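Participant: predicted model and sequence follow; I will ask about them next.
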Amino acid sequence: MEAGGAGPLVDVDVSPDGSGLVLPPKVQAELDEIVLERKRDSLLALRGMTPSHSALFSGPPGVGKTLASRWVAEQVDLPLVSLDLAAVLSSYLGTSGRNIRDVLNFAKSTPCVLLLDEFDALAKARDDDSDVGELKRIVNVLLVELDRWESRSFLIAATNHAQLLDPAIGRRFDRIINFPLPGLREREILIAEKATGALDTAITRAIAEITEGSSPSDLTRLIERAGRRSILYEAPFERVLLTELISASPASGKKRDVIWQRLHREFGLSLRAIADLAGVSHPTVSQAIRRIEK
C-alpha cells in the first residue's frame, strides 16, 4: 500500500515468523488465549460471544512486543500488517488521516494481524498544541476506529511508553498485556538458545544472573557480537563472551562490581585478567570485589 505516492505506508509480512519468542509464563498465557479464542471462535459464537479483537502491548524497548505480534500472526495463520505511527505522523502530514483510514479499512477487509507500532506517538500528538488540525484529526480517526473495531482481523498497538497514553485509550482495547524485562528463567533460555550449545548449563546460569535488567534484544546482541568476534579472532567463544560482558558493564557501581565478582568466583578469571579486560587497575578490581563480599 502506497502513501500518496510517497512510498509504502505499511509493511506486509505474508509469512510472519515468531520463532525464538521467550516470555514470562503469565504473558505467554495471554498470547496463547488470544490464539485459542481465534481457533475456537465457533464455540464462542454458540454462546453469543466473539474473540478478542484488539490488544495493547506495553513494555520497555527490546522485550519482544514486535516478535510477539509476529508469533500471534503466525499462530492464527494470518499476514502481519505493520504501521509505524511515529513515522506516519512525522512524514505524511497533510494526508496522514486519509492514509491511516485506508490502512484500517484494508485491515478490516483483508483478515490480518494489524500492528500499530509506536502507539505512544498518539499521546505526543494529543499534547501538541502547535497543530490543531491534521494531528488531531489523525488521533480522532484512530480512536473512533478503536471504538468500533469488530473485524475478522486482530489489532495490536505497541508502546514503549504506556505512561504517556491517556487512560481512556486503554479502555478501547480488549486486552492490555504488559511485557516486563525477562526474569532469570527467561534469560537462561534466551542465552542457551542464542549460544546454540556453546555454553554449559552452569555458565549459562551465571551469565543469566549477571545480566539482570537486560532485554532479550540486549542479550541477543551480546551473544551475536561475541560469536562474530570469536570467529574473526579465532578465540574461544566463552572467553570472548566474558570480555563482552565486562565491556558492556557500567563504568562503576554495584552492578559492575557484581559482574566482576561473579567472573572471578564463577569463571575463575584472575583479578589481573579482569583488570586488563576492563581497562582498570588491579587494585580497583580487588576493592570492588571486597565491597560486594562484605
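Facilitator: Thanks, I have it.
Participant: now do the strands in this protein.
Facilitator: 11-13, 54-58, 80-84, 113-117, 154-159, 175-178 (DSSP state E).
Participant: same for the last one, what does it pack against?
Facilitator: Judged by 3 or more CB pairs under 8 Å, 6 or more residues apart in numbering; DSSP states H and E, strand 175-178 is in contact with helix 25-39, strand 54-58. In short, each C-beta sits where N, CA and C put it, glycine included.
Participant: in TSV, list the strands of the chain along with mean neighbour count, distance to residue 46 and mean pLDDT.
Facilitator: Formatted as TSV, those follow (neighbours: other CB atoms under 10 Å; distance: least, CB to CB, whole Å; pLDDT from 0 to 100):
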stretch	mean neighbour count	distance to residue 46	mean pLDDT
strand 11-13	15	33	91
strand 54-58	24	23	95
strand 80-84	22	29	90
strand 113-117	27	25	93
strand 154-159	26	21	94
strand 175-178	16	22	95
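Participant: I'd like those strands as a markdown table, with distance to residue 254 appended.
Facilitator: Output for the strands of the chain, formatted as a markdown table (distance: least, CB to CB, whole Å):
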| stretch | distance to residue 254 |
| --- | --- |
| strand 11-13 | 41 |
| strand 54-58 | 28 |
| strand 80-84 | 37 |
| strand 113-117 | 35 |
| strand 154-159 | 30 |
| strand 175-178 | 26 |
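Participant: nearest to residue 29, out of those?
Facilitator: Closest to residue 29 of the strands of the chain, according to CB to CB: strand 175-178, at 10.1 Å.
Participant: re the thing from before, with distance to residue 209 added, can I get the helices and strands packed on strand 175-178 in TSV?
Facilitator: Converted to TSV, the helices and strands packed on strand 175-178 look like this (distance: least, CB to CB, whole Å):
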stretch	distance to residue 209
helix 25-39	20
strand 54-58	27
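Participant: among the ones you listed, which is nearest residue 16?
Facilitator: When the helices and strands packed on strand 175-178 are ranked by proximity to residue 16 (CB to CB), helix 25-39 comes first, at 13.0 Å.
Participant: what's the weakest-modelled helix or strand in this protein?
Facilitator: Ranked by mean pLDDT, DSSP states H and E, the weakest helix or strand in the chain is helix 121-126, scoring a mean of 65.
Participant: circling back: deepest in the core, which of the helices and strands packed on strand 175-178 is it.
Facilitator: strand 54-58 (a mean of 24; mean count of other CB atoms under 10 Å).
Participant: tell me which residues of the longest helix along the chain come out buried.
Facilitator: The helix spanning the most residues in the chain, taking DSSP state H as the definition, is helix 216-232. Buried residues in helix 216-232, counted by 16 or more other CB atoms under 10 Å: 216, 218, 219, 220, 221, 222, 223, 226, 227, 230.
Participant: would you confirm that the fourth one contacts residue 193?
Facilitator: No - in terms of CB atoms under 8 Å, residue 220 does not count as a neighbour of residue 193; the distance is 9.4 Å.
Participant: pLDDT below threshold where in the stretch 51-200 of the chain?
Facilitator: Counting by pLDDT under 70, the stretch 51-200 of the chain has low-confidence residues at 89-97, 123-135.
Participant: if you set the cut-off to 90 instead, what comes out?
Facilitator: In the prediction, the stretch 51-200 of the chain carries residues with pLDDT under 90 at positions 83-110, 118-152, 161-172, 196-200.
Participant: contacting residues around the longest helix of the chain?
Facilitator: With CB atoms under 8 Å, 6 or more residues apart in numbering as the test, helix 216-232 has contacts from 22, 61-64, 67, 182, 186-187, 190-191, 194-195, 198, 211, 214, 235-237, 240-241, 243-245, 248.
Participant: check stretch 60-78 too.
Facilitator: Stretch 60-78 is touched from outside by 13, 16-18, 20-23, 27, 31, 34-35, 38-39, 57-59, 79-80, 82, 111-113, 115, 117, 153-154, 156, 158, 160, 179-182, 215-218, with contacts defined as CB under 8 Å, 6+ apart.
Participant: could you identify the buried members of the contacts of helix 216-232?
Facilitator: Buried members of those, scored by 16+ other CB under 10 Å, are 22, 62-64, 67, 182, 186-187, 190-191, 194-195, 198, 211, 214, 237, 240-241, 243-245.
Participant: show me how the chain divides into domains.
Facilitator: Listed by automatic domain parsing, the domain ranges of the chain are 11-178, 184-293.
Participant: so what's the closest residue to residue 211 other than its chain neighbours up against?
Facilitator: Residue nearest to residue 211 in three dimensions, not counting chain neighbours: residue 187, with 5.8 Å by CB to CB, 6 or more residues apart in numbering. Shown in contact with residue 187 (CB under 8 Å, 6+ apart): 207, 208, 211, 212, 214, 219.
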